[in-house]
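# I would like the atomic coordinates for the input below:
(chains A and B)
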Amino acid sequence: MNRRVLFVGSACVAAMVALLAAGFGRNPSEVPFVLQDQPATPFRLERLGGGDPISLEALKGRPAVINFWSTWCVPCKVEHPVLQAGANRYRDVQFVGVLYGDEPEAAQRFLQRTPSVFPTILDPGGRMAVDYGVAGVPETFFLDAEGRIVRKVAGALSAAALVETVEAILGESS
Amino acid sequence: MFAISTMGTLAVLASLAAAAFGVFAGLALVSGQPGALAWAKRCGIAFGVGMIIANGLMEWALITHDFSVGYVAEVGSRSTPLSFTIVSLWSSLDGSILFWGLILGLYVLAFVKSVGSTYRPQLGFTFTALFAVCVFFAWLIAGLASPFDLVSPVPADGPGPNPLLQNHVLMIIHPPMLYGGYVGMSLPFAMTVGALASGALDAEWMRRIRFALLVPWLFLTAGILLGGWWSYEVLGWGGYWAWDPVENASFLPWLTATAALHSSMVTERKGALRAWTLSLILASFLLTILGTFMTRSGVFNSVHSFTQSPIGPVFLVFLGIGMLVSVVLVAWRIDDLGPDQSLGGALSRDAAFLANNLLFLAFTFTVLLGTIYPLLNEALTEARVSVGEPYFNKMAVPLGLGLIALMGWGATVPWRPADPSVLKSKLSIACGSGLAVGIIAWAIRGFEGGVLYPSTLAAAGFSTHLTIAELFRPGMERAKRSGQGFGDVFVGILKARRRTGAYVVHIGILLIAVGIATSSTYRQERGMTMSVNESGEFAGYRVVFDGFERDVEPHRTGRVAHLSAFHGDEALGAMSPRLNHYPTRREPIGTPAVYTTLAEDLYISLVQIDEAGGEVSIRVIVEPLVSWIWLGGGVLVFGGLLILSERKTRRRRKEDAA
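Residues are numbered from 1 along each chain as shown, chains lettered A, B, ... in the order given. The predicted model follows:
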């Protein structure tokens, strides 16, 4: 038995296993969200179905929830009732949908079947989505009354996450 | 009638029992009971057959949409096309481990057949190690990653497999090839354990190990290249390799196995470098397990990652035990395996192979370090870093350049120390060829690519010259002596399949190297936004936007842009890149349109369609010599098959003689 090989080899094995074991529980795809606590990029966009355009300036003064969605995305349909319930519960918070990569007609057909209590705006060319770093739908941005981005949720929004975030924003502002 | 889930579970349990019994049969063989050989072989057959049945049952359940089976409920869908339903066997974690079991079963069956009835001292430990690996995987399939769990209530439909895997036909063959490589490393590993534990390493066993290593090496090579091709055809960024942790994980065992294939030739011929070669083979297997750990533990971020699962820690324990066993075996035998013949001088092929091995080892460490560095850094400093392409490219390019040049050098220098004057005349002509290729490349592509590109092409030219010269040399010399014609020379080349195959593999690698160097250095890219009937020009191409449409299929909705492409005045035809929206996925998956020629590819991916505004945004990429990579891959696989076929003919000749 070559003791040197045994010793050095075993030490390397132990180090490797310890290193890999240390990685458990880590979320490797977690990327720091660079827009965190930054002022949201201004926008002024047409409403789906007509009416006055909606702008970031007009939203300021009250917290806002901005939800990027489309009709072809199943998680968006899953979170639809959660957002509706949220908008009904928090009348002091403004909810706005942004149509992402979809036809306005398709969105209107969807909203006729499953109506929404808050407006959706159109984002032709996806410029607002680019400004907000949207990678896919659904993504939901929570803004405080000053128009700063407090939190982003990628994927279907849960009722718990909505309540927790909105309560936190309202708690800070009161 | 039994439900499929019950029958599948029984088949897996039967395999597990066969493998467990096989471990004992192997140990009985070690303790000197020759009768145990027949039992070990029977266990191997039972394991293989059990796995074939289990996989057959799962395929049947997938095709018939039997949603009472857990895995089918997880990845099946009535709207998925049949071809993708069949391949969804390996589209998710549990199914992929079951599929692993199938490939392992097939390798075990092949090994059992190759063993024959001759007793060899290494067989006992080989069977023990091989069945230990089988026990581990059968246990995973039966327990932690069980795909046959019963679902109640039975859902009416399922979500379908991962959309990324449904997008291209290459996805049907890339994973099985890679698995053929990964799983196949178990066999040379077990045979090496057999040799080290029994202390018997004769030339015949070494030849068998080398053959057992060559098969998975070929699968791994083909799997890696097909993965690159898939990435190129599907992901829409015009690249084929991104140093993603899981790509690296497949590349690491390829590097060590390639090194082992070379050093094993020195071992075979001279009996030298034995401990070194065997260590490389052990490492190749352990690196495949590390790679599997990376994709299935949730520790590394990658497009290949399966969802986080409890089998990560189990794999880590298996990896730890495998590494420890390997270290103990090498430490135990290393002093007995010392060189029984010294190597040739600096101008011999031994030295060239040694240099080759050192470069491959440096390459392995470079890639391994870059891959695990984020983990290391986070463990020590809690800071999150990522190691990107610049590090890998900076390190890999010089190492690759050295390996390319060595390919020609190694082929030219003889096993015994070379006569410097003969070598000088051979090399000076090849240097001339290399220089000419380098200068031509520089002249064609311009000077902005720096000195690295022409150097790489010069090295490739140098090695191609020497490889082809060496391929024809023995035949030409014989022809000169005996007055044979060119036809005889060619027949002679085809007969020496192992030698010819090896050089053909090298030519394939050189084609790939030129393809990679050129396409990555001279790639041009531009974004365009156009309205209907508008056109855009780029790098000699003109693209006209004809319109768009929606393509609604049962399992996805595609948004397609119709474009016409022209190169100068020549019409290249319609190109229709698309974005596919799958109901279960947030981001759309693109399918770029690619117009391929030997000289360059025109690659168009769809970024965005604004249907209301009638505008389309596309990314146009012009990439020279990409097709050389796939062409080189084909040449390489052909060469590998030539090498494998020689062993068969040799065995047949031996049998005929007997």
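# residue nearest the middle of the chain, spatially speaking?
Went with chain A since none was named. A:Thr140 (2.7 Å; CA atoms, centre = their mean).
# chain B, not that one
B:Leu220 (2.5 Å).
# what's the separation between the closest residue to it other than its chain neighbours and A:Leu35?
In space, and not counting its chain neighbours, B:Leu220 is closest to B:Gly181: 2.7 Å by CB to CB, 6 or more residues apart in numbering or on different chains. For every residue, glycine as well, the C-beta is placed using N, CA and C. Computed with CB to CB, to the nearest Å, the distance linking B:Gly181 and A:Leu35 is 43 Å.
# more neighbours: which of these two?
Neighbour count, other CB atoms under 10 Å in any protein chain shown: between B:Gly181 and A:Leu35, B:Gly181 has more, with 26 against 15.
# list the buried residues for the helix or strand harbouring the more buried one?
Here B:Gly181, judged by DSSP states H and E, is contained in helix B:170-184. Buried residues in helix B:170-184, counted by 16 or more other CB atoms under 10 Å in any protein chain shown: B:170-172, B:174-184.
# roughly how far is that helix from the heart of the chain?
8 Å (CA atoms, centre = their mean, to the nearest Å).
# list the helices and strands the next helix or strand after that helix packs on?
Using DSSP H and E, the next helix or strand after helix B:170-184 towards the C-terminus is helix B:186-198. Other helices and strands packing on helix B:186-198, by 3 or more CB pairs under 8 Å, 6 or more residues apart in numbering or on different chains; DSSP states H and E, are helix B:93-115, helix B:123-142, helix B:203-234, helix B:274-296, helix B:311-333.
# let me have the ones you listed in JSON lines, adding mean pLDDT as columns.
Supplementary listing: the helices and strands packed on helix B:186-198 in JSON lines, determined by pLDDT from 0 to 100:
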{"stretch": "helix B:93-115", "mean pLDDT": "93"}
{"stretch": "helix B:123-142", "mean pLDDT": "96"}
{"stretch": "helix B:203-234", "mean pLDDT": "93"}
{"stretch": "helix B:274-296", "mean pLDDT": "91"}
{"stretch": "helix B:311-333", "mean pLDDT": "93"}
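# any idea which element B:Ala145 lies in?
Taking DSSP H and E as the definition, one finds B:Ala145 inside no helix or strand.
# please apply the same query to B:Thr529.
strand B:524-531.
# next secondary structure after that strand?
As assigned by DSSP H and E, the chain's next helix or strand after strand B:524-531 is strand B:535-538.
# flag every residue of chain A that's near chain B.
Applying CB under 8 Å from any CB of the partner chain, we find that chain A lies next to chain B at A:1-3, A:5-6, A:9-10, A:12-13, A:16-17, A:19-24, A:26-29, A:32, A:72-75, A:101, A:103-104, A:122, A:124-126, A:135-138, A:154-155.
# and stretch A:88-99, what's buried?
A:90, A:93-99.
# next: stretch A:97-117.
Within stretch A:97-117, the residues that count as buried by 16+ other CB under 10 Å are A:97-104, A:107, A:110-111, A:116.
# give me the distance between the two termini of that stretch.
For stretch A:97-117, the first-to-last residue distance is 10 Å (CA to CA, to the nearest Å).
# how about the one residue in the stretch 1-150 of chain B that gets nearest to chain A, nearest residue that isn't a chain neighbour?
The nearest approach of the stretch 1-150 of chain B to chain A comes at B:Ser77, 12.4 Å away (CB to the nearest CB). Spatial nearest neighbour of B:Ser77, excluding adjacent residues (CB to CB, 6+ apart): B:Gly160 at 3.2 Å.
# now do the SS call for the one you found.
Using DSSP: H, G, I helix; E, B strand; the rest coil as the criterion, the local structure at B:Gly160 reads coil.
# and for it, the neighbour number?
By the measure other CB under 10 Å, the count of residues near B:Gly160 is 26.
# try B:Gly614
Under the criterion other CB under 10 Å, the count of neighbours that B:Gly614 has is 15.
# low pLDDT regions in the stretch 501-650 of chain B?
Counting by pLDDT under 70, the stretch 501-650 of chain B has low-confidence residues at B:586, B:647-650.
# residues from it in reach of chain A?
Residues of the stretch 501-650 of chain B lying near chain A (CB under 8 Å from any CB): B:557, B:581, B:583-588, B:608-613, B:615, B:617.
# any of the residues you listed buried? List them.
B:557, B:581, B:583, B:585-586, B:588, B:608-611, B:615, B:617.
# relative to chain A, which of those residues is nearest.
B:Arg586 (3.3 Å).
# tell me the helix or strand right after the strand or helix carrying B:Glu549.
Following DSSP H and E, the helix or strand that holds B:Glu549 is strand B:541-552. Counting by DSSP H and E, the element after strand B:541-552 in chain order, helix or strand, is strand B:557-567.
# now what about that next one, what contacts it?
If you take CB atoms under 8 Å, 6 or more residues apart in numbering or on different chains as the criterion, strand B:557-567 is touched by A:72, B:540-552, B:571-581, B:588, B:591, B:593, B:595, B:602, B:604, B:606, B:609, B:611, B:616, B:618.
# give the pairing partners of it; include direction for each.
The pairing partners recorded for strand B:557-567 under DSSP bridges are strand B:541-552 (antiparallel), strand B:570-575 (antiparallel), strand B:578-581 (antiparallel).
# phi, psi for B:Val622 please.
Backbone torsions of B:Val622, given as degrees, to the nearest 10, read phi -110, psi 120.
# ditto for B:Gly614
Per degrees, to the nearest 10, the backbone of B:Gly614 is at phi 70, psi 30.
# point out the least confident member of the buried residues of helix B:170-184, please.
Lowest in pLDDT among the buried residues of helix B:170-184 is B:Met171, which has 78.
# how much space between B:Thr467 and chain A?
Separation of B:Thr467 from chain A (CB to the nearest CB, to the nearest Å) stands at 37 Å.
# burial measure for that residue, as a count.
23.
# is B:Ser79 in a helix, a strand, or coil?
Here B:Ser79 is recorded as coil under three-state DSSP.
# quick check, B:Pro155 in a strand?
No. B:Pro155: not assigned to a strand; according to three-state DSSP it is coil.
# tell me the pLDDT of residue 29.
With no chain named, the answer covers chain A. According to the prediction, A:Ser29 has pLDDT 55.
# switch to chain B, that's the one I care about
As predicted, B:Leu29 sits at a pLDDT of 94.
# and B:Phe300, by the same measure?
So B:Phe300 comes in at 61 (pLDDT).
# what of A:Ser158?
pLDDT, A:Ser158: 85.
# can you tell me the SS state at B:Leu201?
B:Leu201 - assigned by three-state DSSP - is coil.
# tally of neighbours for the nearest residue to it once chain neighbours are set aside?
Leaving aside its sequence neighbours, B:Leu201 sits nearest to B:Ala195 (CB to CB, 6+ apart; 4.5 Å). For B:Ala195, the neighbour count with other CB under 10 Å is 27.
# returning to that earlier point: from the buried residues of stretch A:97-117, which is closest to chain B?
Chain B has its nearest neighbour among the buried residues of stretch A:97-117 in A:Glu103, at 5.3 Å by CB to the nearest CB.
# and the helix ranked longest in chain A, average pLDDT?
Counting by DSSP state H, the longest helix found in chain A is helix A:3-22. For helix A:3-22, the mean pLDDT works out to 92.
# centre of the chain to that helix, how far?
Centre-to-centre, helix A:3-22 and its host chain are 43 Å apart (CA atoms, centre = their mean).
# do stretch B:541-555 as well
Stretch B:541-555 has its average C-alpha position 34 Å from the chain's average C-alpha position, going by CA atoms, centre = their mean.
# in it, what counts as buried?
By 16+ other CB under 10 Å, the buried positions in stretch B:541-555 come out as B:541-545, B:548, B:555.
# just the helices in the stretch 351-500 of chain B please.
Ranges of helices within the stretch 351-500 of chain B are B:389-412, B:420-445, B:452-482, B:486-495, B:497-521, based on DSSP state H, counting those that start in this stretch.
# how far away is B:Ala346 from chain A?
Separation of B:Ala346 from chain A (CB to the nearest CB) stands at 27 Å.
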